[in-house]
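Novice: Provide a 3D model corresponding to the input given below.
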Amino acid sequence: MRTPRFIAFVCTAAVAASLTACSGATQPPRGTGGGTDYKVSPTSPAAKGPLDSFTWSLYAEPYTLDYALAYDYPPNTVLANVCEQLLRVTPDLRIEPGLAVKWAQPDPRTLVYTLRSGVKFHDGTVMTADDVVASLKRQMDPATGSPWGSAFKTVDAIEKTGPLEVTIRLGKADALFHELLAASPGTVVSAASLAKEGKDYGTPKGKLNCTGPFSLEKWAQGDSITLKKNAAYWDEKLVPKSESVKFTFIEDAAARANAFLSGTADGGYMVPSSSFAQLRTSGKGSLLFGPNTAAADLAVTNFKGTLGDLRVRRALSMALDRKNIVKAAAGGVGVPAKAPAARGAWSLVPEKTAALYDTLPEPAYDVAAAKKLIEEAGATGRKVTIATSSMAPEISVVANAVQAAGRQIGLDVKLQPVSPDAYSNIFVDPAARDGLDLVITNGYDNTPDPLEFYQYLRTGDFGNYGNWSNAEYDLAFDRANTEYDPAKRTELTADVQEIALRELPIIPVYEAPYSVFLGKRITGAPTGISQLYYPWATTIGAAQS
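Specialist: Purely as a prediction, here's the structure:
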């Protein structure tokens, strides 16, 4: 379920005078939640040999393979191995050079990227600055309809300033923009292929022409996607250990677990928590946990209805039994969320995480006080509609818990069933949110900077699903985003976080580590959320030599 948006892996690289890679995962190595012990590590044991192929399970078929429209886990999981960005996120949560070998910031409003020479697209043509300019500008074109368009809101110009140099000029300082070039906004594809494929680009009818370690061989709609090894891949450190990868789509959680157990799927990310216990004791492979920057939140999608009253939002938050939700929805692997952006998102300046996140109070659980708030708001008996879906068992568990909590305090909480593909559409199509008051999101950043999560609550942002608007919040965000010093920006982000917690346009629920299952014949996969942009399939190989 990507209930899109928000991922946090990477450390920021933007500073006032220059841009350099840095480290910063703050994910603890071990945790407990609901009585369950678990370890968090960024990688699985290294591969011991090559493979002819392996099969990877996705919980849903990608709705697109167009980088500019990819805004959910399934499409990004595939594209991470096919297309590449100017910068790269690594499993240990760093930003390093990708298709840009270096970059500079001569002033707060200018970014200059030097491109890697000799990089070839899958059709053998050489990548140039023209391809980069075309790829990035396409995200800004309203005709594209890219959900990433808001990332470019401060961009005034993207220009070729040399055969292998691209200069981006900003209308105002924007500390997050550079970081996002390690995610979908920084993807580079062949400009010629974009023109040739037209409306078929990113669909089962079209072709992809990128620079990644695998190329798209076949998309059999409704059945599978097959990638093949790119023999001419530029990065010798990430030459694929497998000749091909086949992605299969299994929406039913129990069927997906059975695919892991039977070996019809060698592995998969975002393992259904309902199958954790069974997979752990099966002897058929390994269930592993990696760094995550996601939190399960309740996003308010309608501020004109019952939840438009802050007292109702606070009451619903207070009525949630988060510890039991962790047990039921996350297999006991996780903790109640203290804020909309997870602890893992605070990796920008790790030494400040304890003071700015860990000291936040635990979320209150007080049903009696919550019921009183509902009465004060005159909301007793009023309706709240929340989307639920079979896409993942976690969604229905949380939805049922919200319904139970709401009814305890006097709200009439209705569940609106939504198909898995339609559930993803809630986050990209405003019309799909009609009639809904709440939707369960797996909120994550694309950077290690918690400010990146909070940008989606700005007035008018694409990810502001309920069109919430707060002038104080917008000013606090802008103040933080124009500060290029990471330590100072982190402090300012704490002010943004404080407003979000006070006003609750998003209600935090719980956070859990990333999960992956690896069957006995394979190993080598990164375990964390970096897999959405890092070419994770390259390191997977045989478990035995």
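
Novice: Now do residue 233 against residue 113, distance only.
Specialist: Residue 233 sits at a distance of 21 Å from residue 113 (criterion: CB to CB, to the nearest Å). Every C-beta, even on glycine, is put in place using the N, C-alpha and C of the backbone.

Novice: so how far is the helix or strand that contains residue 369 from its chain's centroid?
Specialist: In the assignment (DSSP states H and E), residue 369 maps to helix 367-376. Taking CA atoms, centre = their mean, to the nearest Å, one finds helix 367-376 lying 35 Å from the centre of the chain it belongs to.

Novice: can you check stretch 228-241 too?
Specialist: Here stretch 228-241 shows a centroid-to-chain-centroid distance of 25 Å under the convention CA atoms, centre = their mean.

Novice: same deal with stretch 63-76?
Specialist: The answer for stretch 63-76 is 11 Å, by CA atoms, centre = their mean.

Novice: Ok, stretch 213-225 next?
Specialist: Distance, stretch centre to chain centre, for stretch 213-225: 22 Å (CA atoms, centre = their mean).

Novice: now the end-to-end length of it.
Specialist: 16 Å (CA to CA, to the nearest Å).

Novice: who's in contact with that stretch?
Specialist: The contact list for stretch 213-225, computed with CB atoms under 8 Å, 6 or more residues apart in numbering, reads 61-62, 65, 78, 81-82, 122, 204, 207-208, 226-230, 233, 235, 238-240, 244-249, 535, 537-538.

Novice: tell me, how many neighbours does residue 492 end up with?
Specialist: Residues near residue 492, counting by other CB atoms under 10 Å, number 20.

Novice: so what's it closest to, chain neighbours aside?
Specialist: In this structure, residue 492 finds its nearest non-sequential neighbour in residue 480, 3.7 Å apart by CB to CB, 6 or more residues apart in numbering.

Novice: Residue 497 versus that neighbour, what's the distance?
Specialist: For residue 480, the distance to residue 497 equals 10 Å [CB to CB].

Novice: And residue 142, by the same measure?
Specialist: 32 Å.

Novice: Neighbour count for the two, which is higher?
Specialist: residue 497 (24 against 7).

Novice: The host helix or strand of residue 421 packs against which elements?
Specialist: Using DSSP H and E, residue 421 maps to helix 420-425. With contacts taken as 3 or more CB pairs under 8 Å, 6 or more residues apart in numbering; DSSP states H and E, helix 420-425 sits against strand 383-389.

Novice: ok, residues contacting the strand it packs on?
Specialist: The contact list for strand 383-389 (CB under 8 Å, 6+ apart) reads 1, 298, 305-307, 316, 395-396, 399-400, 402-403, 406, 411-420, 422-423, 426, 435-440.

Novice: list the buried ones in that strand?
Specialist: Neighbour-count burial for strand 383-389 flags 384, 385, 386, 387, 388, 389 (criterion: 16 or more other CB atoms under 10 Å).

Novice: Report the angle between the helix or strand following it and strand 383-389.
Specialist: Later in the chain than strand 383-389, the nearest helix or strand by DSSP H and E is helix 393-408. Using axes from the mean of the first three to the mean of the last three CA atoms, to 10 degrees, the direction of helix 393-408 lies 160 degrees away from that of strand 383-389.

Novice: Helix 393-408: how far from the chain's middle?
Specialist: Helix 393-408 has its C-alpha centroid displaced from the chain centroid by 23 Å (CA atoms, centre = their mean).

Novice: and the nearest residue to residue 53 once chain neighbours are set aside, what element?
Specialist: Nearest non-adjacent residue to residue 53, counting by CB to CB, 6+ apart: residue 244, 4.3 Å away. Residue 244 belongs to strand 242-249 when assigned by DSSP H and E.

Novice: Need the residues that contact that strand.
Specialist: 50-61, 74, 77-78, 81, 214, 217, 222-229, 259, 264-265, 537, 540-541.

Novice: Sort out which of the residues you listed are in helices and list them.
Specialist: When DSSP state H defines the helices, the subset of the contacts of strand 242-249 inside them is 74, 77, 78, 259.

Novice: give me the low-pLDDT residue ranges for this structure?
Specialist: By pLDDT under 70, the weakly predicted segments of the chain are 1-36.

Novice: Show me what the longest helix anywhere in it is packed up against.
Specialist: Ranked by residue count under DSSP H, the longest helix found in the chain is helix 486-503. Applying 3+ CB pairs under 8 Å, 6+ apart, one finds that helix 486-503 contacts helix 450-454, helix 471-481.

Novice: Leaving out the residues flanking it, which one is nearest to residue 261?
Specialist: Per CB to CB, 6+ apart, closest to residue 261 is residue 284, 5.2 Å.

Novice: Tell me who's in contact with that neighbour.
Specialist: Residue 284 sits in contact with 260, 261, 263, 519, 520, where contact means CB under 8 Å, 6+ apart.

Novice: what's the burial count for residue 123?
Specialist: When neighbours are counted by other CB under 10 Å, residue 123 registers 12.

Novice: before we move on, back to that, pull out the buried members of the contacts of strand 242-249.
Specialist: The neighbour-count test (16+ other CB under 10 Å) marks 51, 54-61, 74, 77-78, 81, 214, 224-229, 259, 265, 537, 540-541 as buried among these.

Novice: Among those, which ones are in strands?
Specialist: Per DSSP state E, strands hold the following members of these: 51, 54-58, 214, 224-229, 541.

Novice: returning to what we had before: can you name the two of the ones in helices among the contacts of strand 242-249 that sit furthest apart?
Specialist: 78 and 259 (17.4 Å; CB to CB).

Novice: check contacts around the closest residue to residue 232 other than its chain neighbours.
Specialist: In this structure, residue 232 finds its nearest non-sequential neighbour in residue 120, 5.5 Å apart by CB to CB, 6+ apart. By CB under 8 Å, 6+ apart, the contact set of residue 120 is 126, 127, 211, 232, 234.

Novice: Which one (most neighbours) among those residues?
Specialist: Among these, residue 211 has the most neighbours (other CB under 10 Å), with 28 neighbours.

Novice: Three-state assignment for it, please.
Specialist: For residue 211, the assignment made with DSSP: H, G, I helix; E, B strand; the rest coil gives coil.

Novice: ok, now how distant is it from residue 84?
Specialist: Distance, residue 211 to residue 84, using CB to CB: 5 Å.

Novice: Show me the common contact partners of these two, please.
Specialist: Contacts common to residue 211 and residue 84, judged by CB under 8 Å, 6+ apart, are 99, 188.

Novice: Between the two ends of stretch 159-178, how far is it?
Specialist: So stretch 159-178: terminal residues 15 Å apart, CA to CA.

Novice: what do you get for stretch 263-274?
Specialist: End to end - CA to CA - stretch 263-274 spans 19 Å.

Novice: from the middle of its chain, how far away would it be?
Specialist: Averaged C-alpha coordinates place stretch 263-274 at 18 Å from its chain's average position (CA atoms, centre = their mean).

Novice: So residue 455 is in contact with residue 480, correct?
Specialist: No: applying CB atoms under 8 Å as the test, residue 455 and residue 480 come out as separate, 9.5 Å apart.

Novice: Format the buried residues of strand 383-389 as a markdown table; extra columns: distance to residue 359.
Specialist: Formatted as a markdown table, those follow (distance: CB to CB, whole Å):
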| residue | distance to residue 359 |
| --- | --- |
| 384 | 32 |
| 385 | 35 |
| 386 | 31 |
| 387 | 33 |
| 388 | 34 |
| 389 | 35 |
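
Novice: measure stretch 501-520 end to end?
Specialist: 44 Å.

Novice: Excluding sequence neighbours, find me the nearest residue to residue 212.
Specialist: Nearest non-adjacent residue to residue 212, counting by CB to CB, 6+ apart: residue 82, 4.6 Å away.

Novice: Please report phi then psi for residue 88.
Specialist: Main-chain torsions, residue 88, degrees, to the nearest 10: phi -130, psi 140.
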